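Engineer: Quick one, fold the following:
(2 chains)
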Amino acid sequence: MEKLKCECGHVNPQGTVLCEACGKPVEGNQSVDGNDEHVLLNMRYEGSSRRSNKYNQSFVDRIWTFFSSVKVGVILIAIALAASAIGTIFPQKLHIPEGAPSRDPAVFYEASYGLIGKIYYQLGFHDLYDSWWYMILIALIGISLVICSLDRFIPLRRALKLQRPIRNTTFLSRQRLYSESDHVSAEETEQVKNKLKDMRYNIREEDGHIFAEKGRFSRWGPYVNHIGLIIILIAAILRTTPMFYLDEFLWVREGQQLTVPGTNNEFQIKHEKFTLETYGQSEEDLKFKEAIESQDELVAKNYQTDAIIYELNEDAVAGDDDALEVYSEPSIRLNHPTKFGGYTMYQSGYQEEFSSMSFKLYDVDDPDEEAIGTFTFDLLDPSETMFTLDDGYTVEVVQYLPDFELVDNVPKQKSDYPKNPGFVFAVHPPDGGEPEVSFAAIGINFDPNTVDSSGGELNQYKLGIIDVDERYVSGLAITRDYTLPLFGLGALIFMIGVIQGMYWQHRRIWLHPTEDKLLLAAHTNKNWFGVKKDIEKAIENTSIVMAHDQQELEDKLKEKESDEQK
Amino acid sequence: MDFAYISEIALYAAFILYLIATFFFGATIRDKHTSKVDGGRSKPAIIGIWITQIGFAAQVVYFVTRWIASGHAPLSNMFEFVTFFGMSMVLAFIILYYIYRLPVLGLFALPIAMIVIAYASMFPTDLAPLVASLQSHWLYIHVSTVSIGNAILAISFVTGLIYLIRQIDQTKRSKQTTWLEIVIFTLFVTVGFIVSTTGFNLADYNATFNYPENDQIVTTHYHLPAIAGPNEGELVTEDAMKPWFEAPGWMLGSDAGRKFNTVIWSIIFGSVIYGIVRIILRKRVGAAIQPLLKKVNPDLLDEVTYRSVAIGFPVFTLGGLIFAAIWAQIAWNRFWGWDPKEVWALITFFFYAVFLHLRLSRGWHGEKSAWLAVGGFAIIMFNIVVVNLVLAGLHSYA
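Structural biologist: Prediction:
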């Protein structure tokens, strides 16, 4: 690679705009940062040689150059923004309302929103945030983030490290803040130096040239916050693997004891009691009376699962009573999850279901419906299906549907949970005659012979529900997420980087004696007002001329020109 | 002692004090001292900022007494949240006022904060119980940080707007003048919202509808005559105006029809007020305000715009993304779920990230920067208003 040797003796890498050591503009490279068109030098990356600015570019260089452009990065973000916004117009696949007539995306969007909904679905916006092209977009932003940062950080760091107190006079005179003073005594220069020291500037001297610098670390702020963002992206990728992220769900009934899924049988949970509280029950809720009355539905105050978590004792033999040890007895509430052994358990839902039902058998001709006999059927453990009653009657549960719905008068099973149980009974009379078949459920007592066109005899006996026991089922989510600390770290680093880059400034002041003059120049990456104040304070009571703001002079000149043209 | 009553009075007091303070800041426009150093030293400015601070103190009283009365921080529904947002805007204004001594900021920031507070009071103001999903300390941490972040960013909108009114060439019609008028017009629409809602409420207008929502028949009360009825709704009240048409079915927020109807009335009233003002002024509203801002230093406005983004961006990120994610992890077992509110918070974050990149790395200062500040505020208001009212999601708490 060709190297560029500056007159100060420093050897710069190819593509350098301003000498890394003395700042002298390198001939032929000035168009890179647009210095040829302006009086002032573009100081953004210290005129360092960036890979993306090389002339002879290989294929890899070109890709690098593409991603290292802030413009490309901003455009990628803008596309992601627009796509994300469109993704919120209609609910995402996951958020299709539960009450919707059809939750099948292929049907839902067109049925609810017409043609626009259909297009929305076909373009994949219904599952936007998991779609391959959205992922690619985010990945491209990630790549842009890494390359943009590296492309600037490495040469910038090098240039700031190699800078020397003695600067080229062209470099100084083309800084935004610059002045020349005659007859400055050595004592005055010394005084300025000490004042700058008092203002916590780092002073370096070489051959009577003074270089004061402050807050260089703020230049790293943007790179630090980008590192934070990259860590967050890495965490997001790791989270897609089961090693780092585990997510399970468990329905557990009151009184039931189950193994916690995903824990390799290490933990068991016993659901002791579920509590659902709503507002308006206690006296202290009186102050909310008006708000509660204006609501159509009850306002939930608390969802709570009181449970016992057992841990399996490794030393114990399986099946042994001592194998289980009580780990904790938590009350798991919404917003207050419980933790055990690296797992977190959340209150995430509940259901009410029937646990047992009691029936009575009676004669249809009896106006008092007096019970011939009663029995109780356990809905959760439906192993007992034959019930022998007094007087020799036997009732058999021929079919038990825990959760049914009637489709064309035929009961169909909907789920395995006893939410709306239905029963097909066979009543065996004591005389050993033909059993009578009937169907019973809540609000339904059904004699199949009434619809049977074959004209069979009507049933003599009926079964009526006399009692139901209800119990709660708690829905608990179990997660173990090793990526959370990584996300936290990324967020923390991001915030540090933002603050570091935004609330501190990198200020530099140069004092450069020539044969008959003292040149004063200064640069800051932001807040010029602040550095001007620093200079004013430093040169107080000396004959040094305050630095002129050449940017303002340039602007004023332009304004004047444009006014004259009018 | 009835804290709820004290709270109500204190909020009224704050509102009126802000109004009075605005007039004092208005008086500074004709004042000779407008340079950065002197601006804040003029008599009307000093009186104005003191009244603002007393008003702010009154609003703090509102906040504290309402907290005592309800037993939870008043940040749990739209009324409380939007009121707090207005209060945060005043706080952000007070802080930036002491840094930059820019009285004209008060002339614009206070009325906008007042519009925000008035908007808030259009939502149900009853003390409401705290639903189980909000019972967490993170409610206070998350909501208050977001609100303060948004408020600081809102100040950049205020200075950006002043900058644009001050700087845009109003001698001939251009794309810029048109867009600026649109921005000003939306402010009129907000005023239209407050005028129409207050007017019909005073007249005690009511029309009741039944309509289906999620397989249930729900009742809603219109306090404005129904131009747009609820989707598939049925008018129950006799001799009330029949709706001209129904709200489209894709509006998913709860009670979408009534809210959509309110928007229509706001636009009608806003347009009428705007029209009257235009007829009186006989020129664009922006052109009419411009000469009043002659003495304001545009560079200083630009600086305040940048500073408020520089401060507001990290605060918003902390509250709207980081704290939000932590709470979502605790409450819902996922720190990110692509809920519309979350997505729009991310959009806000990205937008201001772009603002900072363009400014710091591509030199977008002055007018370009001011337009971006206006656009950013539009996104924030979209997230507060439209996402809650139109899009269905987990943040629909009112």
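
Engineer: In the record's domain split, what are the boundaries for chain A?
Structural biologist: Split into domains by automatic domain parsing, chain A comes to A:1-38, A:50-163, A:165-215+A:505-565, A:245-352+A:475-488, A:357-468.

Engineer: Compare these and say which comes out lowest on pLDDT.
Structural biologist: Among the domains of chain A, domain A:357-468 carries the lowest mean pLDDT, a mean of 79.

Engineer: next one: that domain to chain centre, how far?
Structural biologist: Computed by Cα atoms, centre = their mean, to the nearest Å, the chain-centroid distance of domain A:357-468 equals 53 Å.

Engineer: For stretch A:460-468, output the C-alpha coordinates as CSV.
Structural biologist: Provided in CSV are the C-alpha atoms of stretch A:460-468 (Å, rounded to 0.1, in the frame of the first residue of the first chain):
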residue,chain,number,x,y,z
GLN,A,460,-89.9,-43.4,32.2
TYR,A,461,-87.0,-42.0,34.2
LYS,A,462,-85.1,-38.7,34.2
LEU,A,463,-81.9,-37.5,35.7
GLY,A,464,-81.7,-34.0,37.2
ILE,A,465,-78.7,-32.0,38.3
ILE,A,466,-78.9,-31.2,42.0
ASP,A,467,-75.5,-29.8,42.8
VAL,A,468,-72.3,-28.7,41.1
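
Engineer: Next, the contact list for the closest residue to residue A:359 other than its chain neighbours, please.
Structural biologist: Residue nearest to residue A:359 in three dimensions, not counting chain neighbours: residue A:463, with 4.9 Å by Cβ to Cβ, 6 or more residues apart in numbering or on different chains. Using the backbone N, CA and C atoms, a C-beta is placed for each residue, glycine as well. Each residue near residue A:463 by Cβ atoms under 8 Å, 6 or more residues apart in numbering or on different chains is listed here: A:359-361, A:395, A:423, A:425, A:427, A:438, A:440, A:445.

Engineer: From the residues you listed, pick the one nearest residue A:197.
Structural biologist: residue A:423 (93.2 Å; Cβ to Cβ).

Engineer: what sits up against the helix or strand where that closest one lies?
Structural biologist: When elements are assigned from DSSP states H and E, residue A:423 belongs to strand A:422-428. Strand A:422-428 has contacts (Cβ under 8 Å, 6+ apart) with A:361, A:377, A:393-401, A:404, A:411, A:435-441, A:444, A:459, A:461, A:463.

Engineer: dump the residue contacts of residue 18.
Structural biologist: All of this refers to chain A. Per Cβ under 8 Å, 6+ apart, neighbours of residue A:18: A:24-26, A:41, A:46-48, A:159, A:171.

Engineer: wait, I meant chain B there
Structural biologist: B:52, B:55, B:90, B:110, B:113-114, B:117.

Engineer: and with 10 Å instead?
Structural biologist: B:51-52, B:54-56, B:58-59, B:86, B:90, B:93, B:106, B:109-111, B:113-114, B:117 (Cβ atoms under 10 Å, 6 or more residues apart in numbering or on different chains).

Engineer: Which helix or which strand is home to it?
Structural biologist: helix B:3-27.

Engineer: Give me the longest helix you can find in the chain.
Structural biologist: Since no chain was named, I'll use chain A. The single longest helix within chain A, with elements called by DSSP state H, is helix A:132-162.

Engineer: That was the other one, I meant chain B.
Structural biologist: Per DSSP H, chain B has its longest helix at helix B:137-167.

Engineer: That one: how far from the chain's middle?
Structural biologist: 9 Å.

Engineer: Quick check: buried residues in that helix?
Structural biologist: B:138-139, B:141-167 (16 or more other Cβ atoms under 10 Å in any protein chain shown).

Engineer: after the strand holding residue A:423, next one along is what?
Structural biologist: strand A:436-441.
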